[in-house]
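Visitor: Sequence plus predicted model, see below.
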Amino acid sequence: MVDAVRNPTDESDILVNIENVSVRFGKNWVLRNINLKIPRGQTLVLLGESGCGKTVLMKTIIGLVRPTEGRILYDGRDLATLPDREITALRTRFGFVFQQAALFDSMTIEQNVAFPLRQHTNKGRAELKRIVLQRLAEVGLPDNVGLKKPAELSGGMRKRVGLARALAMSPEIMLYDEPTTGLDPIMSDVINELILSVRRQNPVTSIVVTHDMHSARKVADRVVMLYPQGRLKKGESQILYDGPPGGLERAADKRVGQFVRGEAGERLMEMRERGLLSD
């Protein structure tokens, strides 16, 4: 863990620039006026309770969701202005680790890891095999796993296969959606160590969506905490905290500390006031 946030003065050091981004689905605003600059090489953790827009923001960053307002600049290029072909090419620079691994059940592990390489490159069979074995080794899996199907693996092993597949194209930016969800504490820490290992071995920028405070403290250079748009007072920023993980407990906004410590008192009171919870 790095207990300091990089504040680059050179705009060329910024890989992702989120400018006044808002996202609305129907009448429901999920994100409102989000401004963030993410430097190259930084590991940013997005925190916040369910429904605050963490995953929507991640999908907006890679162009799967288009902003209702504002824009996303990736390496200085506005995603909204790029033609579909360029967007598709740009996405090969992203590695996405899905919450439930999202492996193809009918394929072997080797075929799963090789899938993006087969889709986007013309590499031969021997080269594909070499890369697949290399990526599996990087996430601590033996060669013989490659012939198995996802159903034959534990949840933790499937997560690691998902990470190996995300690394297959040597991405510039890694995105992790709840990487430790559903895992026991030991396997969760294995995943945390793998995230750190990926950063050490590859020059990547990482964005991690999580509720896991141990994970956030361990892997983050910087933590951004979002709050549900519908529960904000008029004029309040949706970003309650933006800083190093070591500053979370000392944050000026008491809602940050309550989330970090898992204190539900104020939230329960709010639910009772709205008639959503009886005494």
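Guide: In hand now; what should we look at?
Visitor: how about Ser197, secondary structure?
Guide: When classified by DSSP: H, G, I helix; E, B strand; the rest coil, Ser197 comes out as helix.
Visitor: go on, the one 3 residues further on?
Guide: Of the three states, Arg200 takes helix under three-state DSSP.
Visitor: Can you tell me how far it is from Ser206?
Guide: Using C-beta to C-beta, to the nearest Å, Arg200 is found at 12 Å from Ser206. Where C-beta positions appear, they are placed from N, C-alpha and C, glycine not excepted.
Visitor: which residues of the stretch 1-150 of the chain score low on pLDDT?
Guide: Residue ranges of the stretch 1-150 of the chain with pLDDT under 70: 1-12, 100-101.
Visitor: the strands in it, which residues?
Guide: 14-25, 28-39, 43-47, 69-74, 77-78, 94-97 (DSSP state E, counting those that start in this stretch).
Visitor: These into CSV, with extra columns for distance to Gln119 and mean neighbour count?
Guide: Converted to CSV, these look like this (distance: least, C-beta to C-beta, whole Å; neighbours: other C-beta atoms under 10 Å):
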stretch, distance to Gln119, mean neighbour count
strand 14-25, 24, 17
strand 28-39, 26, 18
strand 43-47, 27, 24
strand 69-74, 20, 18
strand 77-78, 22, 12
strand 94-97, 14, 23
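Visitor: Ok, which of those comes nearest Leu232?
Guide: For Leu232, the closest of the strands of the stretch 1-150 of the chain is strand 28-39, at 8.0 Å, according to C-beta to C-beta.
Visitor: Centre of the chain to that closest one, how far?
Guide: 15 Å (C-alpha atoms, centre = their mean, to the nearest Å).
Visitor: Which neighbouring elements make contact with it?
Guide: strand 14-25, helix 54-61, strand 205-209, strand 239-243 (3 or more C-beta pairs under 8 Å, 6 or more residues apart in numbering; DSSP states H and E).
Visitor: The same query, at a cut-off of 6 Å, please.
Guide: With contacts defined as 3 or more C-beta pairs under 6 Å, 6 or more residues apart in numbering; DSSP states H and E, strand 28-39 has these neighbours: strand 14-25.
Visitor: Looking at Arg200 and Ser206, which is more packed in?
Guide: A side-by-side neighbour count of Arg200 and Ser206, using other C-beta atoms under 10 Å, places Ser206 first with 25 against 8.
Visitor: Next, find the distance separating that one from Phe98.
Guide: 15 Å.
Visitor: and if you look at Val145?
Guide: 19 Å.
Visitor: so where is the stretch 151-279 of the chain shaky, pLDDT-wise?
Guide: Using pLDDT under 70, the flagged stretches of the stretch 151-279 of the chain are 264-279.
Visitor: which residue ranges form the helices in it?
Guide: Listed in chain order, the helices of the stretch 151-279 of the chain (DSSP state H, counting those that start in this stretch) span 155-167, 185-201, 213-219, 254-261, 265-273.
Visitor: Can you give the distance of the second one from its chain's centre?
Guide: Mean-position distance between helix 185-201 and its chain equals 14 Å (C-alpha atoms, centre = their mean).
Visitor: The fourth one now?
Guide: On the basis of C-alpha atoms, centre = their mean, helix 254-261 sits 21 Å off its chain's mean C-alpha point.
Visitor: what's the answer for the shortest one, then?
Guide: Relative to its chain's centre, helix 213-219 lies at 13 Å (C-alpha atoms, centre = their mean).
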